[in-house]
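# Sharing a model prediction with you, sequence too.
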Amino acid sequence: MTLSRRHFVMGSSALALAAPATIARAQSDNIIFASILDLSGGLDIYGAPMAETTRMAIEEINAAGGLLGREVELKMYDAQSTIQFYTQFATQAAAGDKAATVHAGITSASREAIRPTLARFKTLYFYNTQYEGGVCDYNNFCTGSTPAQTVAKIVPHAMNKWGKKVYIVAADYNYGQITAQWMQRFVKENGGETLDVEFFPLDVTNFGPTINKIQTAKPDMVISALVGGAHVSFYRQYAAAGMLSEIPIASTTFGVGNEQKLISAEEGNGIMASYGYFEGIDTPANKDFLSRLDAKLGAGRPVMNELSVRSYEGAMLWAAAVKAAGTIDRDPVIEALRSGLSYDGPSGTVSIDAQTNHCSMNVYIGELANQEWNIVESFDNQPPADTQLVCDLNANPNQSTFLFENGLAAAGID
């Protein structure tokens, strides 16, 4: 793996685990890298693999000599799928640990709970999760894919394969609600019809009434933006009702929690998804990454997905920017990141778009067969075009806003 503009070497090493709940100034000369993820609770299906690759990145950075002659020390916090803990640990990381950077958050709610805190403390923040787009914040780098990169690809692909009538099911919070708006927009743009949209709180496990509605509506396909361990029940119940063979499913979330391993092959065969990473990417960089991961974690390691790989690549982008800047100070590191820095990693080349502090990236469509993703289409160097519609940090670097908080129409997007 190489950097296209800055050379950065990687290896492996040990790191520190997490940490106190009270604020205490860091005493060592180590560079503090803080991670706040859901390692327990309903969102741990996403957080646990992200933590593993974060650890791996810090180990490799340290094995290559650390940064600026110093060891990088990982402080890892478990937010327990609780927003209150995100706020608490963000304050701890910024004010107590004096972290050089914080890589944190899975849901949009967790991101929005901590983003203002880290901006106030001027602590550089990376959000390494695919999300609904719209964050415009000089202090915040969003490395995950956005709807213009993935939803815009899978909707026409699925409609061309299955038909034009669509039924949408989504999680009932910012990600699901806003992504459902993007889904409807792309369905309409591609000549389709959205028959209905339903939203579900994260703790819902009974989808029987909705499955009955889908049977009655007779769409050509279902598009899902369901989230979390409880929502895996939808896929089991849908298959048990004999629906999967009749009305197929495309998803913007299925697989990033390795849900394909939580259900049987029969319950998942044929589901399609689009992300910035699948394990099947056939490149030397990805094969080398997976080989190192196998050596570290063994046969029982989690399947890699966009969230876990982007956590690794986000850490490496930050480390590359520190080397380029020659300091861990926030402003020079941000300047280095926004200088056109790119990183060649397991997902392909990931480049920082200075207009938005998001990433341009390769995007892939995968189809599930026997609990494995087969890549059926790929798209090189896709920009975060949705966020580019509303955000220009080059023109206004003082922005610190989530522009889609009240929906696309409120942000001026029809």
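Received, thanks.
# Run the chain-centre distance for stretch 162-178.
Here the centre of stretch 162-178 is set off from its chain's centre by 18 Å, with CA atoms, centre = their mean, to the nearest Å.
# then that stretch to CSV, C-alphas only?
The C-alpha coordinates for stretch 162-178 follow below in CSV (Å, rounded to 0.1, in the frame of the first residue of the first chain):
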residue,chain,number,x,y,z
TRP,A,162,-35.8,-6.4,-11.2
GLY,A,163,-38.2,-3.6,-12.3
LYS,A,164,-39.4,-0.1,-11.6
LYS,A,165,-41.8,-0.5,-8.6
VAL,A,166,-40.0,0.0,-5.2
TYR,A,167,-40.9,-0.4,-1.5
ILE,A,168,-38.5,1.2,1.0
VAL,A,169,-37.9,0.1,4.6
ALA,A,170,-35.5,2.2,6.7
ALA,A,171,-34.3,2.9,10.2
ASP,A,172,-36.1,5.7,12.0
TYR,A,173,-33.4,8.3,12.6
ASN,A,174,-31.4,10.7,10.4
TYR,A,175,-29.6,8.1,8.4
GLY,A,176,-32.6,6.1,7.4
GLN,A,177,-34.9,9.1,6.9
ILE,A,178,-32.5,11.0,4.7
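# Mind listing what's buried along it?
Going by neighbour count (16 or more other CB atoms under 10 Å), the buried part of stretch 162-178 is 162, 165-178. For every residue, glycine as well, the C-beta is placed using N, CA and C.
# backbone phi and psi for the residue nearest the centre of the chain, please?
Geometric centre of the chain, nearest residue: Thr129, 1.8 Å, by CA atoms, centre = their mean. Here is the backbone geometry of Thr129 (degrees, to the nearest 10): phi -130, psi 140.
# Skip the chain neighbours and tell me the closest residue to Thr82.
The shortest distance from Thr82 to any non-neighbouring residue, by CB to CB, 6 or more residues apart in numbering, is to Gly41 (6.7 Å).
# Export stretch 367-374 to PDB, keeping only CA atoms.
The C-alpha trace of stretch 367-374 is given here as PDB (Å, rounded to 0.1, in the frame of the first residue of the first chain):
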ATOM      1  CA  GLU A 367     -24.500  -9.700  -4.800                       C
ATOM      2  CA  LEU A 368     -24.800 -12.300  -2.000                       C
ATOM      3  CA  ALA A 369     -24.400 -16.000  -2.700                       C
ATOM      4  CA  ASN A 370     -23.800 -18.600   0.100                       C
ATOM      5  CA  GLN A 371     -23.000 -15.800   2.600                       C
ATOM      6  CA  GLU A 372     -20.200 -14.400   0.300                       C
ATOM      7  CA  TRP A 373     -20.300 -11.100  -1.600                       C
ATOM      8  CA  ASN A 374     -19.600 -11.400  -5.400                       C
END
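# Can you name the residues in contact with it?
For stretch 367-374, contacts defined as CB atoms under 8 Å, 6 or more residues apart in numbering pick out 255, 260-261, 265, 268-273, 278-280, 366, 376.
# Can you classify Ser360 by secondary structure?
The local conformation at Ser360, judged by DSSP: H, G, I helix; E, B strand; the rest coil, is strand.
# From Asn258, how far out is it?
26 Å (CB to CB, to the nearest Å).
# before we move on, the earlier item: OK, contacts around the residue nearest to the centre of the chain?
Counting by CB under 8 Å, 6+ apart, Thr129 has contacts 46, 105-106, 111, 144, 307, 310.
# What distance do you get for the nearest residue to it once chain neighbours are set aside to Gly47?
Spatial nearest neighbour of Thr129, excluding adjacent residues (CB to CB, 6+ apart): Gly144 at 4.6 Å. Taking CB to CB as the measure, Gly144 falls 14 Å from Gly47.
# wait, isn't the residue nearest to Thr82 in contact with Ser81?
Yes - between Gly41 and Ser81 there is a contact at 2.7 Å, judged by CB atoms under 8 Å.
# which one of the two has more residues nearby?
Ser81 (23 against 17; other CB atoms under 10 Å).
# now Asn212: how far from Gln237?
For Asn212 relative to Gln237 (CB to CB), the value is 11 Å.
# higher neighbour count, these two?
Counted by other CB under 10 Å, Asn212 and Gln237 do not tie: Gln237 has more neighbours, with 17 against 11.
# Give me the pLDDT value at that one.
Gln237 is assigned a pLDDT of 97 by the prediction.
# same check, this time on Gly257
Taking Gly257 on its own, its pLDDT is 89.
# That one - that's part of a strand, no?
No - applying three-state DSSP, one finds Gly257 to be coil, outside a strand.
# Kindly tell me how buried it is, as a neighbour count.
The tally of other residues near Gly257 (other CB under 10 Å) stands at 27.
# Could you find the closest non-adjacent residue to it?
Ile45 (3.5 Å).
# Now for that neighbour: which residues touch it?
Neighbours of Ile45 in contact, by CB under 8 Å, 6+ apart: 228-229, 257-259, 262.
# buried subset of those?
Among the contacts of Ile45, those that count as buried by neighbour count (16+ other CB under 10 Å) are 228-229, 257-259.
# Going by distance to Asn62, which of the residues you listed wins?
Nearest to Asn62, judged by CB to CB, of the buried ones among the contacts of Ile45 is Asn258 at 27.5 Å.
# Relative to Ile45, how far out is the closest one?
7 Å.
# cool, and Ala369?
With CB to CB as the criterion, Ala369 and Ile45 are 21 Å apart.
# same deal with Ile106?
10 Å.
# likewise Ala299?
Ala299 is 19 Å from Ile45, by CB to CB.
# looking at the sheet around Gln382, what are its partners?
Per DSSP bridges, the residues bridged to Gln382 are Met361.
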